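Colleague: Let me see the structure of the following:
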Amino acid sequence: MDTKARQLLDKLNTEHSLQTEEYQYLLDHRNQELMDLAAEYARKYQNQHYGNKVFIRGLVEFTNFCRNNCLYCGIRRDNHNCERYRLSADTIVECANEGYALGFRTIVLQGGEDFSYSDEDICDIIRRIKASHEDMVVTLSIGERSKKSYQKYYEAGARRYLLRHETANPELYAKLHPAELSWDNRMECLKNLNEIGYQVGAGFMVESPGQTTYDLAMDLKFVEEFKPDMCGIGPFISHKETPFANSPSGTLETTLFCLSLLRMIYPQVLLPATTALGTIHPKGREMGIKAGANVVMPNLSPTGVRKKYALYDNKICTGEEAAECLGCLGQRMESIGYKIVTDPGNRAGL
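Modeller: Presented below is the predicted three-dimensional model:
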């Protein structure tokens, strides 16, 4: 193992902070030995704050319409081969009811930036879910909105909001997104969500097109400073109907290493082992948990639409990542020494 890399990892383990250049050094000198040590340190913090618990979130992907044209995304506006759908309010609420019956106490309503659902529509859905299940935490993941809209959703009963920052480098952000989207506005949205009182989730793509290890180090530093309650990361995976169709996907190894580093940077953070991890490796999510993650998000969407919410190619959307097969997922977690729990799973210390 590179001596300096070992020293930096030990420093991160005790101080939970490095300079951006030091994070880059770790990324540039990653090998299996360094990954194993980082995962060992990460599991120590995971166990300290959460034991062997893995929290479940029921994911409802309620619309794949999106007004945006992000260059990496399969549901981008200009993908005319995408079979579009929108779920009715009744169907969304029914998905939440089914999730509650299965044991879910957190529901994540996720969709493209689809303004055919008005603020009042979103608020009505939130209120209906909370009226039936007071102890269910409603999480939104519907992109950039005004602070006024975020406030309305909060007042209706939403308490968590997931908005990946995608990259901490404004120049790379501009290469991945259309001109009408700005990094500054994404940061403003995250700030607004924090100010309102949401538990906020940020996150980034690993090895997206054009991303350098310094860019990735900037993401680690961003998380260190912003301290989101949750941080969703996953490897970039290309989609055949996007400008990045032929770009290489991100690797399992770098993603796992970043998960371990994030747990060391912010030991209390909620870290999902994402569907993308499970897509690039059949045991990807288990490996993510062993690297420091502690959240999984099975799919509660109606089975008929799951394949249509394709942000990237070959997304797993049947079988053991489905909410109906919670028992299967539980067995997989138990096989590596962890257990699924059904409580809402707040960040440690909240």
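
Colleague: Quick check on residue 272: phi, psi?
Modeller: phi -80, psi 140 (degrees, to the nearest 10).

Colleague: number of nearby residues for it?
Modeller: Residues near residue 272, counting by other CB atoms under 10 Å, number 27. Using the backbone N, CA and C atoms, a C-beta is placed for each residue, glycine as well.

Colleague: swap in the one 3 residues further on?
Modeller: Residues within reach of residue 275, counting by other CB under 10 Å, total 22.

Colleague: quick one: residue 149 and residue 117 touch, right?
Modeller: No. In this structure residue 149 lies outside contact range of residue 117 using CB atoms under 8 Å: 11.0 Å.

Colleague: So between the two, which is more surrounded?
Modeller: Set residue 149 next to residue 117 and count neighbours by other CB under 10 Å: residue 117 wins out with 20 against 16.

Colleague: Need the pLDDT of the more buried one.
Modeller: For residue 117, the model assigns a pLDDT of 98.

Colleague: Looks like residue 329 contacts residue 296 (just checking).
Modeller: Yes. Shown here, residue 329 and residue 296 form a contact pair, counting by CB under 8 Å, at 6.5 Å.

Colleague: So for these two, which residue has more residues nearby?
Modeller: In this view residue 329 and residue 296 are compared by other CB under 10 Å, and residue 296 has more residues nearby, 27 against 20.

Colleague: who's in contact with the more buried one?
Modeller: Neighbouring residues of residue 296 by CB atoms under 8 Å, 6 or more residues apart in numbering: 54, 55, 56, 57, 272, 273, 285, 289, 329, 333, 340.

Colleague: of all the residues you listed, which comes closest to residue 35?
Modeller: Nearest to residue 35, judged by CB to CB, of those is residue 289 at 14.7 Å.

Colleague: and the residue nearest the centre of the chain, bridged to which residues?
Modeller: With distances taken as CA atoms, centre = their mean, the residue of the chain nearest its centroid is residue 232 (2.7 Å). For residue 232, the beta-bridge partners are residue 203 (DSSP bridges).

Colleague: circling back to that earlier point, need the residues touching each of residue 329 and residue 296.
Modeller: 56, 340.

Colleague: Restricted to strands, list the contacts of residue 296.
Modeller: Counting by DSSP state E, the part of the contacts of residue 296 found in strands is 54, 55, 56, 340.

Colleague: Which members of the residues you listed are the farthest-apart pair?
Modeller: The most widely separated members of these are 55 and 340, with 8.0 Å between them, by CB to CB.

Colleague: could you dump the helix or strand encompassing residue 123 to CSV, C-alpha only?
Modeller: Using DSSP states H and E, residue 123 falls within helix 119-132. The C-alpha coordinates for helix 119-132 follow below in CSV (Å, rounded to 0.1, in the frame of the first residue of the first chain):
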residue,chain,number,x,y,z
ASP,A,119,-48.0,22.2,-6.5
GLU,A,120,-51.5,21.6,-5.2
ASP,A,121,-51.6,18.2,-6.8
ILE,A,122,-48.3,17.3,-5.1
CYS,A,123,-49.5,18.7,-1.8
ASP,A,124,-52.8,16.8,-2.1
ILE,A,125,-50.9,13.5,-2.6
ILE,A,126,-48.7,14.2,0.4
ARG,A,127,-51.7,15.0,2.6
ARG,A,128,-53.6,11.9,1.5
ILE,A,129,-50.7,9.6,2.4
LYS,A,130,-50.1,11.3,5.7
ALA,A,131,-53.9,11.2,6.6
SER,A,132,-53.8,7.4,6.2
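
Colleague: returning to that earlier point: would you agree the residue nearest to the centre of the chain is in contact with residue 162?
Modeller: Yes. If you go by CB under 8 Å, residue 232 and residue 162 touch, sitting 6.5 Å apart.

Colleague: which residues do the two both contact?
Modeller: With CB under 8 Å, 6+ apart as the test, residue 232 and residue 162 both reach 201, 203.

Colleague: Residue 220 belongs to a helix?
Modeller: Yes. The assignment for residue 220 by DSSP: H, G, I helix; E, B strand; the rest coil puts it in a helix.

Colleague: which regions of the protein sit below the pLDDT cut-off?
Modeller: Applying pLDDT under 70 to the chain flags residues 317-324.

Colleague: longest helix of it?
Modeller: Longest helix in the chain by number of residues (criterion: DSSP state H): helix 32-50.

Colleague: Residues contacting it, please?
Modeller: Under CB under 8 Å, 6+ apart, the answer for helix 32-50 is 1-2, 5-6, 9, 12-13, 26, 253, 256-257, 259-261, 263-264, 267-268, 290-292, 294, 348.

Colleague: ChimeraX command for the buried members of those residues?
Modeller: Only the buried members of the contacts of helix 32-50 end up in this ChimeraX selection, burial being decided by 16 or more other CB atoms under 10 Å:
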select :2,5,9,12,13,26,256,257,259,260,261,263,264,267,268,290,291,292,294
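
Colleague: Which members of the contacts of helix 32-50 occur in helices, if any?
Modeller: 5-6, 9, 12-13, 26, 253, 256-257, 259-261, 263-264, 290.

Colleague: which of those residues lies closest to residue 111?
Modeller: Nearest to residue 111 among those: residue 259, at 25.7 Å, using CB to CB.

Colleague: Just list the residues touching that closest one, thanks.
Modeller: 42, 233, 271, 273, 288, 291, 292, 293 are the contacts of residue 259 under CB under 8 Å, 6+ apart.
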